[in-house]
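[1] this is a predicted model, with the sequence first.
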Amino acid sequence: MWIDSLFPLLVIFLVIVAPIWLILHYATRNSVSRRLNSKDEALLEELSESAQRMEDRIRTLERILDADTPEWRNRT
């Protein structure tokens, strides 16, 4: 007898509450995983510094080549 009164509640839960619950659960899980953690931020900062040093080296090499061989850019 009490199962007959529990069945509509179970159906309502499975049709309305459970899908909304799952959608919100995975939406919050995805938003958390998109954020950078401290390890990723440190790696990103290190890569940025490395790229800046590489850019400085390239500029230095281009200045040296410009002074040594002015027409080096026109070579094929």
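    Perfect, I can see it now. Residues are numbered from 1 along each chain as shown.

[2] drop to CA atoms for contacts and neighbour counts, all remaining ones
    Fine.

[3] now do stretch 33-53, average pLDDT.
    For stretch 33-53, mean pLDDT is 90.

[4] CA atoms only for it - export them in PDB, please.
    Taking Å, rounded to 0.1, in the frame of the first residue of the first chain, the C-alpha atoms of stretch 33-53 are listed here in PDB:
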ATOM      1  CA  SER A  33      38.300  21.800 -14.500                       C
ATOM      2  CA  ARG A  34      38.600  24.700 -16.900                       C
ATOM      3  CA  ARG A  35      40.400  26.900 -14.300                       C
ATOM      4  CA  LEU A  36      44.200  26.900 -14.000                       C
ATOM      5  CA  ASN A  37      45.600  25.500 -10.900                       C
ATOM      6  CA  SER A  38      48.800  26.900  -9.300                       C
ATOM      7  CA  LYS A  39      51.000  24.300 -11.000                       C
ATOM      8  CA  ASP A  40      49.600  25.300 -14.400                       C
ATOM      9  CA  GLU A  41      50.000  29.000 -13.700                       C
ATOM     10  CA  ALA A  42      53.700  28.400 -12.700                       C
ATOM     11  CA  LEU A  43      54.300  26.400 -15.800                       C
ATOM     12  CA  LEU A  44      52.700  29.100 -17.900                       C
ATOM     13  CA  GLU A  45      54.800  31.800 -16.300                       C
ATOM     14  CA  GLU A  46      58.000  29.800 -16.900                       C
ATOM     15  CA  LEU A  47      57.100  29.300 -20.500                       C
ATOM     16  CA  SER A  48      56.400  33.000 -20.900                       C
ATOM     17  CA  GLU A  49      59.800  33.900 -19.400                       C
ATOM     18  CA  SER A  50      61.500  31.300 -21.700                       C
ATOM     19  CA  ALA A  51      59.800  32.800 -24.700                       C
ATOM     20  CA  GLN A  52      60.900  36.300 -23.700                       C
ATOM     21  CA  ARG A  53      64.500  35.200 -23.300                       C
END
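
[5] just how off-centre is it within its chain?
    11 Å (CA atoms, centre = their mean, to the nearest Å).

[6] max-length helix in this structure?
    Counting residues, the longest helix found in the chain (DSSP state H) is helix 38-68.
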